[in-house]
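>>> Please find the sequence and the predicted model below.
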Amino acid sequence: MPERIMPGLGLRAFYDPGQRNWGTSLSEDLRRLSVMVQARAASRSTPLPVTGSTGQILIVPAGAATNPGALALWDGETGAEAWVFLPPQDGWQVWITDEARSARFAGGAWVEVPRPGIVTIRTLTATAHVLELIDLGAILETIGASPVTVTIPSEASVAFEIGTLINITQVGSGVATITAGAGVSLNGVVAGSVALDGPWSGAALSKRGADAWVIQGALAGAVA
């Protein structure tokens, strides 16, 4: 029976009898299992040191020049240790020790796994923001005196699941406006666009169907 790649972690199995170097493949796969079962990493923001410590596991920071986002483990025979990199797959989940929370790899990035009752607060510093997967379950705060437009993208652009909830709060004096992108319906307002009702007002966006969203909250515009 010829060797083949197994589903999931991509482990190799069913070696041919007497297959050369099968022991090396098996050792590499056991190392992958050792990292991924009850996976944990010390940090995802700490730059990778030139020399690691025994058993050290880190996630390479997103802005790194090489292997961004990869799981890096310090491993090897005594005196010949080196960083070994495991490219993540969508759905991998890792406990981040220095953040005391889990992160999941999705859409090419590590995103926080929501904890019951605790949400991420993201500050929007630009005057235009198109919702992205990292906004899922978060509170988006607009700041400053300049108007800010938050656009809901089409499902084809960003595949939010039905039931997605995103909150938006206007902190600064700049008017925050929520608008539906091309092909998106925003229920609860006229003409698919609405401003919030001044500083410290807010609204909740929820996705109820394919390219169909609902907005509820302190809205300045006319409601449908």
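Good, I have the coordinates.
>>> C-alpha from now on. contacts and neighbour counts both.
Will do.
>>> Can you list the helices and strands that the longest strand seen in the chain packs against?
Among the elements of the chain assigned as strand by DSSP state E, the one spanning the most residues is strand 201-209. If you count contacts as 3 or more C-alpha pairs under 8 Å, 6 or more residues apart in numbering; DSSP states H and E, strand 201-209 packs onto strand 165-170, strand 212-217.
>>> Now for the closest residue to Arg101 other than its chain neighbours, how many residues are close by?
Setting aside the residues directly before and after it, Arg101 is nearest to Trp95 in space (C-alpha to C-alpha, 6 or more residues apart in numbering), at 5.8 Å. Burial of Trp95 is recorded as 19 neighbouring residues (other C-alpha atoms under 10 Å).
>>> Equivalent analysis for Val113, please.
18.
>>> Identify all contacting residues around stretch 123-141.
Here stretch 123-141 makes contact (C-alpha atoms under 8 Å, 6 or more residues apart in numbering) with 107, 111, 114, 119-122, 142-144, 146-153, 158-160, 164-171.
>>> okay, which residue is most central for this protein?
Relative to the mean C-alpha position of the chain, the nearest C-alpha, by C-alpha atoms, centre = their mean, is the one of Val111, at 2.5 Å.
>>> Enumerate every residue touching that one.
Taking C-alpha under 8 Å, 6+ apart, we find Val111 in contact with Ala103, Arg104, Phe105, Ile134.
>>> Direction included, what does the helix or strand harbouring it pair up with?
When secondary structure is defined by DSSP states H and E, Val111 falls within strand 109-112. When pairs are called by DSSP bridges, strand 109-112 turns out to pair with strand 101-106 (antiparallel).
>>> Phi and psi next, for Met36.
For Met36, the backbone dihedrals (degrees, to the nearest 10) come out as phi -90, psi -20.
>>> Residue numbering should commence at 39 henceforth.
All set: I'll call the first residue 39, so the last point we hit is now Met74.
>>> ok, so what distance separates it from Trp148?
Between Met74 and Trp148 the computed distance is 15 Å (C-alpha to C-alpha, to the nearest Å).
>>> With Trp112 instead?
Using C-alpha to C-alpha, we find Trp112 at a distance of 21 Å from Trp148.
>>> neighbour count winner among those two?
Trp148 (24 against 17).
>>> which residues touch that one?
Taking C-alpha under 8 Å, 6+ apart as the criterion, Trp148 is in contact with Gly107, Ala141, Arg142.
>>> Look at Ile43 and report its pLDDT.
Ile43 is assigned 78 on the pLDDT scale.
>>> My guess is it contacts Ala51. True?
Yes - at 6.6 Å, Ile43 and Ala51 qualify as touching, with contact defined as C-alpha atoms under 8 Å.
>>> Of the two, which one has the most company?
For Ile43 versus Ala51, the count of surrounding residues by other C-alpha under 10 Å is larger for Ala51: 16 against 11.
>>> Run through the bridge partners of Thr180.
Thr180 has the following beta-bridge partners by DSSP bridges: Leu162, Gln208.
>>> tally of neighbours for it?
The number of residues packed near Thr180 is 30, by other C-alpha under 10 Å.
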